[in-house]
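1. The sequence and its predicted three-dimensional model are supplied below.
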Amino acid sequence: MRILTLETTCDETAAAVVTDRLEVLGAVVASQDPLHQRFGGVVPEIASRAHVERILPVIDETLRRAGVGLGELDAIAVANTPGLAGSLLVGLVAAKTLCVALDVPLIAVNHLQAHIYACKLASGENVFPCVGLIVSGGHSSLYRCPGPLDFELLGGTTDDAAGEAFDKVAAMLGLGYPGGPAIQRAAARGNPSAFPFPRPFLQDRQRLDFSFSGLKTAVRYAIAGPGRPDFSQIRLTPEQTADLAASFQEAVVDCLVGKAFLALELTGERTLCVGGGVAANARLRERLQEEAQAKGVRLHIAPLRLCTDNAVMGAIAVERYRAGRFEPLDLDAEPGLVRNPRAGGAGAARAGEPVPG
Ligand code: KG4
Ligand code: ZN
């Protein structure tokens with residue numbers, strides 16, 4: 001059995017062909033980073049137009065790499081939630097069109113569940129039940145996941161996502177976009193204790209939420225003081241930049257690690273799965289590993305190639321195929337809702353999380 005999976009939730013146009021044995025026959029990711037670079041973040045309109053231009057070549061190239069013809073596909077899967085509305089629609093329309101043309105079923109993929117499923121794909125182990133930490137440009141959330149298709153929100157960001165904070169702080173420091181890798185590089189030479197940045201909610205042992213907006217502001221004040229500075233006019237020494245980057249990164253990592261292990265304690269789960277673009281961060285990976293070892297927790301962090309957005313993690317569609325969970329062709333894009341698939345199919349809304357990506 002072969003499924004073509006499509007991913008266009010944010011600014012990567014991606015496709016993959018996967019089998020029921022979770023083999024990846026072919027996969028392509030077309031990044032749009034160069035298009036968004038000069039804006040310091042993803043511009044939704046540019047993203048959706050770029051998806052329109054790329055989706056068919058990306059599908060063609062994926063099938064070519066997989067050595068699979070259109071007529072050999074058994075289903076089409078597409079990430080329909082959450083994400084940027086215009087971006088989601090491009091993948092959805094492509095998927096539906098293929099379903100009609102090929103007379104094969106449509107499968108909905110929840111992008112956040114797929115980020116957690118990447119850990120199962122990479123390890124080849126059954127990682128469920130687990131606590132899932134998803135940290136990306138659009139999300140910083142903790143879930144309890146009894147199984148691959150079961151998903152219960154434990155907590156999330158009350159404002160910015162971790163990746164968003166990385167991108168904005170990198171812009172303030174003049175480090176370019178995407179900010180995460182740039183901050184990581186600068187932080188390697190810095191002192192993580194140089195600036196005592198805030199760790200919101202970290203001491204609150206009842207609450208599994210994050211907040212990165214105040215941290216962003218604290219960095220801004222540390223760079224330029226209050227007011228409306230013109231960051232292009234601010235000159236920092238390489239040492240200052242490195243210390244700011246390291247102190248900021250350490251504050252984010254403290255919050256993510258602290259809450260992830262608190263979630264394990266509060267739920268009684270013994271496995272932690274971590275995915276999303278920020279999970280590529282070397283300091284975060286190191287701290288998670290140290291903590292997991294100290295606490296005897298089974299830790300699965302998605303490998304780097306499966307941290308940022310891709311269609312391979314859409315192999316979670318195999319689970320839905322096996323469960324016979326197919327969607328009607330009027331399936332809609334759901335930009336801003338975290339869904340609880342137990343509520344039925346692409347299902348009823350569970351909790352509002354008004355962040356794309
Ligand atoms: O999962 P992703 O590719 O897209 C979304 O769904 O948002 O995540 C992109 C985010 C960006 O904010 C980027 O700065 C961040 O992941 N990121 C990192 C690193 N690599 C990517 N953040 C911290 N450290 C990294 N090494
Ligand atoms: Zn993502």
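-> On my side now, so go ahead. Ligands and ions are numbered 1, 2, ... in the order given.

2. alpha carbons only for contacts and neighbour counts from here, please
-> Will do.

3. longest single helix anywhere in this protein?
-> Among the elements of type helix in the chain, defined by DSSP state H, the one spanning the most residues is helix 238-267.

4. Okay, now the sheet partners of whichever helix or strand comes after it, with direction.
-> Following the chain from helix 238-267 toward its C-terminal end, the next helix or strand by DSSP states H and E is strand 271-275. Strand 271-275 has the following sheet partners, assigned by DSSP bridges: strand 130-135 (parallel), strand 298-301 (parallel).

5. okay, now A260: neighbour count?
-> Other residues within reach of A260 by the criterion other C-alpha atoms under 10 Å amount to 25.

6. quick revisit: want to throw the strands paired with strand 271-275 into TSV with mean neighbour count?
-> What follows is the strands paired with strand 271-275, written out as TSV (neighbours: other C-alpha atoms under 10 Å):
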stretch	mean neighbour count
strand 130-135	29
strand 298-301	21
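
7. Near ligand 1, which residues of the stretch 101-250 of the chain? Just list them.
-> Residues of the stretch 101-250 of the chain found near ligand 1, taking C-alpha under 6 Å from any ligand atom as the criterion, are S136, G137, G138, G163, E164, F166, D167, P178, G179, G180, P181, Q184.

8. Tell me the secondary structure at the last one.
-> On the three-state scheme (DSSP: H, G, I helix; E, B strand; the rest coil), Q184 is labelled helix.

9. can you pull the contacts of the residue lying closest to it once chain neighbours are set aside?
-> In space, Q184 comes closest to N281 once its chain neighbours are excluded; the distance is 6.8 Å by C-alpha to C-alpha, 6 or more residues apart in numbering. Contacts of N281 were listed using C-alpha atoms under 8 Å, 6 or more residues apart in numbering, and they are G180, P181, Q184.

10. Can I have the buried ones of the residues of the stretch 101-250 of the chain next to ligand 1 as a PyMOL selection?
-> The buried residues among these can be selected in PyMOL (16 or more other C-alpha atoms under 10 Å) with this line:
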select buried, resi 136+137+138+163+164+166+167+178+179+180+181+184
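
11. Would you point out the most distant pair within the residues of the stretch 101-250 of the chain next to ligand 1?
-> By the measure C-alpha to C-alpha, those have their two most distant members at G138 and Q184, which lie 18.6 Å apart.

12. before we move on, the earlier item: which phi and psi does the residue nearest to Q184 have?
-> phi -70, psi 120 (degrees, to the nearest 10).

13. quick one: the strands in the chain?
-> Using DSSP state E, the strands of the chain run over residues 2-7, 12-19, 24-31, 75-81, 106-110, 130-135, 140-145, 152-156, 271-275, 298-301, 337-339, 349-352.

14. Ranked by average pLDDT, which of the ones you listed falls at the bottom?
-> Least confident of the strands of the chain, judged by mean pLDDT, is strand 349-352 with a mean of 30.

15. got the contacts of N281 as TSV, with pLDDT columns?
-> Converted to TSV, the contacts of N281 look like this (pLDDT from 0 to 100):
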residue	pLDDT
G180	96
P181	96
Q184	98
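
16. okay if I get these as CSV plus distance to T308?
-> Compiled in CSV, these are given as follows (distance: C-alpha to C-alpha, whole Å):
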residue, distance to T308
G180, 11
P181, 12
Q184, 15
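
17. before we move on, the earlier item: possible to save the strands paired with strand 271-275 as TSV with distance to I76?
-> As requested, the strands paired with strand 271-275 are arranged in TSV below (distance: least, C-alpha to C-alpha, whole Å):
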stretch	distance to I76
strand 130-135	25
strand 298-301	27
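
18. in this protein, which helix or strand is least confident?
-> Comparing every helix and strand of the chain by mean pLDDT, DSSP states H and E singles out strand 349-352 as the least confident one, with a mean of 30.
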